[in-house]
Each structure stands twice: as C-alpha cells, then as structure tokens.
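S.K.: dropping a prediction and its sequence here:
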Amino acid sequence: MSGGDQPDLDELESCFAAVVEGRVSRDRADRWAARWVLDDNLEWDELSWWALELLHGIDLRPGPEEPYLHDDEQVRGWLEELRRRRAG
C-alpha cells in the first residue's frame with residue numbers, strides 16, 4: 001500500500017486481499033484508506049470510491065471488546081464483488 005500517489009483499483013484490490021489474507025491489519029487498512037477519503041482534492045471513479053469507503057471503516061466495532069461490525073466473510077465478499085465489477 002503506497003503512501004504517495006493516489007491509489008488505483010489494483011492497489012485498492014491489493015489492500016482488500018491483504019486484509020483477507022491476514023497480511024495487513026484492519027486498523028492499518030482503515031488508516032491507509034482514511035488518508036485518501038479525507039483528501040478533498042482528489043477525484044474518484046465510482047468503483048474506486050465504493051471500494052475506498054468500504055476500506056475506510058473496515059475496522060469498526062460496536063464496542064471496545066466486540067467483534068468487528070463486518071465479519072471476515074463479508075470482507076471476502078467485498079473483495080469478490082470488487083473483482084466481479086472490475087471484470088465487467
């Protein structure tokens with residue numbers, strides 16, 4: 001996950017895959033996505049924005065010791081949907 005240039009769909013997909021595979025924590029993915037969501041100077045296509053908004057908040061919990069609001073199966077589903085939508 002880069003920190004410099006605006007990420008493209010490849011990077012967004014890679015971030016989802018890294019979370020699903022356990023290579024990147026949900027917290028790290030959320031913080032990375034937040035940097036891009038909060039930058040009002042950037043323009044996004046619809047699919048990239050959809051993916052970015054899901055990544056930003058991927059670590060939400062209803063309470064301090066509660067499980068994630070979006071479980072692992074749902075996150076895998078988002079990755080699959082992103083891949084389907086990219087394939088057209």
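M.R.: Arrived safely.

S.K.: please enumerate residues in contact with stretch 15-35?
M.R.: Residues outside stretch 15-35 that contact it (C-beta atoms under 8 Å, 6 or more residues apart in numbering): 1, 3, 7, 51-59, 68, 72, 75-76, 78-79, 82. C-beta here means a position set from N, CA and C on the backbone, and glycine is covered the same way.

S.K.: just the buried positions in that stretch, please.
M.R.: 15-16, 18-20, 24, 26, 28-30, 32-33 (16 or more other C-beta atoms under 10 Å).

S.K.: helices of this protein, residue ranges please.
M.R.: Taking DSSP state H, the helices of the chain run over residues 9-20, 26-37, 46-55, 72-87.

S.K.: make a markdown table out of these and add mean pLDDT.
M.R.: As requested, these are exported to a markdown table (pLDDT from 0 to 100):
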| stretch | mean pLDDT |
| --- | --- |
| helix 9-20 | 97 |
| helix 26-37 | 97 |
| helix 46-55 | 97 |
| helix 72-87 | 97 |
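
S.K.: can I get these in TSV including distance to Gly63?
M.R.: What follows is the helices of the chain, written out as TSV (distance: least, C-beta to C-beta, whole Å):
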stretch	distance to Gly63
helix 9-20	21
helix 26-37	16
helix 46-55	21
helix 72-87	18
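
S.K.: identify whichever of the ones you listed lies nearest to Pro64.
M.R.: helix 26-37 (13.7 Å; C-beta to C-beta).

S.K.: quick one: distance of the closest one to the chain centre.
M.R.: Computed by C-alpha atoms, centre = their mean, to the nearest Å, the chain-centroid distance of helix 26-37 equals 7 Å.

S.K.: with just CA atoms, put it into PDB.
M.R.: Listed next in PDB are the C-alpha coordinates belonging to helix 26-37 (Å, rounded to 0.1, in the frame of the first residue of the first chain):
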ATOM      1  CA  ARG A  26      -7.900  -3.900   9.500                       C
ATOM      2  CA  ASP A  27      -6.600  -0.900  11.500                       C
ATOM      3  CA  ARG A  28      -3.800  -0.300   9.100                       C
ATOM      4  CA  ALA A  29      -6.100  -0.700   6.000                       C
ATOM      5  CA  ASP A  30      -8.600   1.800   7.600                       C
ATOM      6  CA  ARG A  31      -5.900   4.300   8.300                       C
ATOM      7  CA  TRP A  32      -4.500   4.000   4.800                       C
ATOM      8  CA  ALA A  33      -7.900   4.400   3.300                       C
ATOM      9  CA  ALA A  34      -8.700   7.400   5.600                       C
ATOM     10  CA  ARG A  35      -5.800   9.300   4.100                       C
ATOM     11  CA  TRP A  36      -7.400   9.100   0.700                       C
ATOM     12  CA  VAL A  37     -11.100   9.600   1.700                       C
END
